[in-house]
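1. make a model of this:
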Amino acid sequence: MAIKRFRFNGALRLQTPKSAKGKCERFFDNPSFFVDHGRVMKDTVEFWMTRIRPMPSDCRPGWFVELQRHKRRERFNLGTENKREAATKAREIYRALVANGWETALAEFKPASLERAHRALVAAVATCAPMTSFGQWFEATTAICPTRKLTHANNIRACRSIIADIKNIDGKRNAAWRAAVDAVPLADIHPKTIQRWMATEAAVHASNPARQAERKSGLNSTVRQARSLWSRKLVDLIPNSPPSPFEGVRLFPKSECTDTHYVSCGRIRNIVAEAVRELGAPWREGERECNFHDRMQVWKIFLFALFAGLRKMEIDTLLTERIDWTTGRIDMRPSKYYAAKSASSRKPALLEVEALAFLRQVQIWVPAGEFIIDSRFALRPDATDRHYRCREHFAALQTWLRGHGIKDKKPLHALRKELGDLVNETGGLVAASARLRHGDTRITEEHYVDRSRLISSGIGEFLQLQRNKNTDQHGDIASSN
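-> Here you go, the predicted model:
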């Protein structure tokens, strides 16, 4: 089967001819594949040797490169007079830009410009007039947001949904809808309004206690997200900040909300046996190469989720070089593609030795590239919604898990909970918390341990003893008769 063309999209794509209908795709990181019909690819130093330019005569001798992406252009001083070293650095900047977006690339390779832009934003916000609408507050907090971009975007999304419900702003959530919500004056929404809205929303499901408890949990979560926009970190950075409309808003007590304690499916060992037989099996006769490749990616995700307890985003961005193929230790420190969500999440994870043996076998059958999980999609670091590079493989595994007895809303995350529950059984709560890299054992106890299991009191043994005595007595009487 002859190769038709190559294309670099986060990973190198090798596509088969039209006879295969473009469905059979493989990915390679081998530099020998970095040429497309005699054309040098962007991931080679040779390409950037032709793109870098000498610095102007009034500057220090050296080289610079101009990069453009997402309607933005920036110039980078490469800081060396050696052309090959400059081209190598230009390639590194390009890789960082494609993988992580402008902010991360500028912070790493051009921090001075990012600092100047940040100071200008802070100065502009400090001199602005008092804010009157929610849209103005959203813009101000976004400009100097100290949290992750995705987290902040989710908080704004939650606040907009509350405002739209209160003001009865209907329609598709497009630009026109957002403009209508952002135009709502800050003075129109106050704590009593939000408290009344929460009570009204919960009362809708009064006839169904289970649905009402679920709705109360959702309302608590939405309000927590929205009120984060008035956190102390943000309010201290913005002069003339308006009072929080969530000040004094009371959440529903836990006793009235859905129980968040995990309940095990009870058949995780059977699921493992079925996964080995169905997902981890060698190539089957008649199976297409692309289908086998995809099945191996799903199998690897299963191994990392259950036997290492990795989160979805951690699996999605895990680099092959971060795995110790001898001990199973996984380096979870921040990489250029992913920042850990907390300090405890940066601790190393451990893949069970038995699972590591399966992973080594898969690596022989289908060698991984830069990422341990191959995908035809590239990362989108600038996305303001949850984006996964391996979303097709995640969806396939979730469908498989639901078909094998895991009914959780998030089947993939349920595997991480099963690991925590199993470690708690054998090693206790502290060991389970450490294995899952939690910062506090309370998180493990509330969400990752099955507390529905009831322990026998042991008094049943005494009852059985009395029954045996009665049986012996009646047996002696019967034999004498």
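2. give me the most central residue, this structure.
-> Ranked by distance to the mean C-alpha position of the chain (Cα atoms, centre = their mean), the top residue is Met313 at 2.9 Å.
3. what about it, distance to Val298?
-> In this structure, Met313 and Val298 are 17 Å apart, going by Cβ to Cβ, to the nearest Å. Backbone N, C-alpha and C define where each C-beta goes, glycine included.
4. which residues touch Met49?
-> Contact analysis of Met49 by Cβ atoms under 8 Å, 6 or more residues apart in numbering lists Lys83, Arg84, Ala87.
5. out of the residues you listed, which is nearest to Ala340?
-> Relative to Ala340, the closest of the contacts of Met49 is Ala87; by Cβ to Cβ it sits at 32.2 Å.
6. now do the helices in the stretch 351-481 of the chain.
-> Along the stretch 351-481 of the chain, the stretches classed as helices by DSSP state H, counting those that start in this stretch are 353-365, 391-402, 411-427, 429-435, 441-447, 459-480.
7. mean neighbour count, the ones you listed: which tops it?
-> The highest mean neighbour count among these belongs to helix 411-427 (a mean of 20), with neighbours defined as mean count of other Cβ atoms under 10 Å.
8. can you dump the C-alpha coordinates of that helix into CSV?
-> C-alpha atoms of helix 411-427 as CSV (Å, rounded to 0.1, in the frame of the first residue of the first chain):
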residue,chain,number,x,y,z
PRO,A,411,-17.2,6.1,33.5
LEU,A,412,-13.6,6.9,32.8
HIS,A,413,-13.2,8.8,36.1
ALA,A,414,-15.0,5.9,37.8
LEU,A,415,-11.9,3.7,37.1
ARG,A,416,-9.8,6.2,39.2
LYS,A,417,-12.4,5.9,42.0
GLU,A,418,-12.3,2.1,41.8
LEU,A,419,-8.5,2.3,42.3
GLY,A,420,-8.9,4.5,45.3
ASP,A,421,-11.5,2.1,46.8
LEU,A,422,-9.3,-0.9,46.2
VAL,A,423,-6.3,0.7,47.8
ASN,A,424,-8.4,1.8,50.8
GLU,A,425,-9.5,-1.8,51.3
THR,A,426,-5.9,-3.1,51.5
GLY,A,427,-3.9,-0.1,52.8
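9. tell me which other helices or strands that helix touches.
-> helix 289-307, helix 391-402, helix 429-435, helix 441-447 (3 or more Cβ pairs under 8 Å, 6 or more residues apart in numbering; DSSP states H and E).
10. mean pLDDT and distance to Glu103 added to those helices, as JSON lines?
-> Below are those laid out as JSON lines (pLDDT from 0 to 100; distance: least, Cβ to Cβ, whole Å):
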{"stretch": "helix 289-307", "mean pLDDT": "94", "distance to Glu103": "28"}
{"stretch": "helix 391-402", "mean pLDDT": "94", "distance to Glu103": "23"}
{"stretch": "helix 429-435", "mean pLDDT": "90", "distance to Glu103": "33"}
{"stretch": "helix 441-447", "mean pLDDT": "84", "distance to Glu103": "29"}
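11. take those helices and lay them out in CSV including distance to Phe252.
-> As requested, the helices and strands packed on helix 411-427 are exported to CSV (distance: least, Cβ to Cβ, whole Å):
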stretch, distance to Phe252
helix 289-307, 32
helix 391-402, 30
helix 429-435, 27
helix 441-447, 16
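12. any idea which of these gets closest to Val98?
-> Go through those one by one with Cβ to Cβ and the one that ends up closest to Val98 is helix 391-402, at 18.4 Å.
13. any of the contacts of Met49 buried? List them.
-> Burial of the contacts of Met49 was assessed by neighbour count (16 or more other Cβ atoms under 10 Å); the buried members are Lys83, Ala87.
14. now intersect the contacts of Met49 with the helices, please.
-> Among these, the members found in helices (DSSP state H) are Lys83, Arg84, Ala87.
15. how about the contacts made by the nearest residue to Leu186 once chain neighbours are set aside?
-> Using Cβ to Cβ, 6 or more residues apart in numbering and skipping residues adjacent in sequence, the residue nearest Leu186 is Pro242, 5.0 Å away. If you count contacts by Cβ under 8 Å, 6+ apart, Pro242 has them with Pro130, Met131, Trp137, Leu186.
16. from those residues, which is closest to Gly403?
-> Taking Cβ to Cβ as the measure, Gly403 sits nearest to Trp137 out of the contacts of Pro242, at 46.0 Å.
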